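> show me how the following folds:
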Amino acid sequence: MRDLTEKILAASRSPELRRHVTDLLFKTCAVDTTPYADVERMRRAEDEVFRMLEAELDAAPFPGARHERRPINPAIAKHPAFSLLHFTKTPECPEGLSPEEVYAKRSNLLYVVPNARGEEGPDGVAVNAHIDVVKPFLPPRLEGNTLYGRGTCDDKGAVVAIVAALQVLGKVLQAEGRKLSRNLMAMIVVEEETGGNGSLSLAIDRELRQRYGSILVLECTGNDIHPANRGALWYRADLHCPGVNLFEMTAFVYEQLEQEGRAIKAES
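Below you'll find the model as predicted:
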């Protein structure tokens, strides 16, 4: 096993792979995947990035592997973790668009590798990263050995890292006549920055949930591992308290929310 690990690490350090990863990251970051009220614009950008990634994933020589685009399920709107679609509100449409309108013809990208027996069992491993980025869009530029631009770290860098790791792993295993002992699933999702609805669509997918037992979400954390964190909490406080100091009341509300956050973290 140690010998196999060394071969994987050696392949990952090659100058050819570095150039390939830099080129792919540059190309994906050149596509503006920030949120827009124009949902068709978002769909076209997502499709462009997915096409690049699909071509790259096809180069990973895993027997029986496949990629698919799994449609976003508008039923997520009924889930308590659903993030409201504020980014679709405009002066012409102050209420915003419906989930059915926002998610029509949009999807997440999945790449599935069966285990050595050709199966996809519940002990499989999933990795998750997202292609959307925050505004404003900043086109990529390469300065020396550093690539700058929106998404280079959060989170297209992680997406490209997944793809490159799969390519390296697949080639080394093929050369050694080895296969994965567990099935693997890569989840490349949309709409993380607006609240996480892309991943939520996969999380409520019961059929999909039977094909992995653990999940690793690749985010910018300074290489620190954060177990089972639950993401962001959005809230609004409407205070109607005649005769009450609202500054003191605001401090009380914040403190209660902090306590709730600590409780959630403790039970995670």
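> what's the closest non-adjacent residue to residue 215?
The shortest distance from residue 215 to any residue that is not its chain neighbour, by CB to CB, 6 or more residues apart in numbering, is 4.2 Å, and that residue is residue 126. Where C-beta positions appear, they are placed from N, C-alpha and C, glycine not excepted.
> now do the SS call for that neighbour.
In the three-state summary, residue 126 is assigned as strand, counting by DSSP: H, G, I helix; E, B strand; the rest coil.
> neighbours around it, how many?
Counted by other CB atoms under 10 Å, the residues lying close to residue 126 total 21.
> separation between it and residue 90?
With distances taken as CB to CB, to the nearest Å, residue 126 is found 36 Å from residue 90.
> repeat that for residue 217.
31 Å.
> cool, and residue 196?
Distance of residue 196 to residue 90, given as CB to CB: 23 Å.
> between these two, who's got more neighbours?
The neighbour comparison of residue 196 against residue 90 (other CB under 10 Å) goes to residue 196, with 20 against 12.
> quick one: that one and residue 113, what's the gap?
In terms of CB to CB, residue 196 sits 25 Å off from residue 113.
> residue 4 too?
When CB to CB is the yardstick, residue 4 and residue 113 sit 17 Å from each other.
> more neighbours, those two?
When residue 4 and residue 113 are compared for neighbours, residue 113 comes out ahead with 24 against 12, by other CB under 10 Å.
> contacting residues for the more buried one?
Residue 113 makes contact with 62, 64-65, 166, 180, 183-185 under the criterion CB atoms under 8 Å, 6 or more residues apart in numbering.
> just the buried residues out of these, in PyMOL syntax.
Only the buried members of those enter the following PyMOL selection, criterion being 16 or more other CB atoms under 10 Å:
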select buried, resi 62+65+166+180+183+184+185
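> where exactly do the helices run in this protein?
2-12, 15-29, 39-57, 99-103, 156-176, 197-203, 206-209, 246-267 (DSSP state H).
> next, the angle helix 156-176 makes with the third one.
I take that to be helix 39-57. 30 degrees (axes from the mean of the first three to the mean of the last three CA atoms, to 10 degrees).
> tell me the mean pLDDT for helix 39-57?
For helix 39-57, the per-residue pLDDT values average out at 98.
> what do you get for the shortest one?
Averaged across helix 206-209, the pLDDT comes to 94.
> contact partners of that helix?
Counting by CB under 8 Å, 6+ apart, 70, 110, 202-203 sit against helix 206-209.
> out of the residues you listed, which is nearest to residue 53?
residue 110 (10.9 Å; CB to CB).
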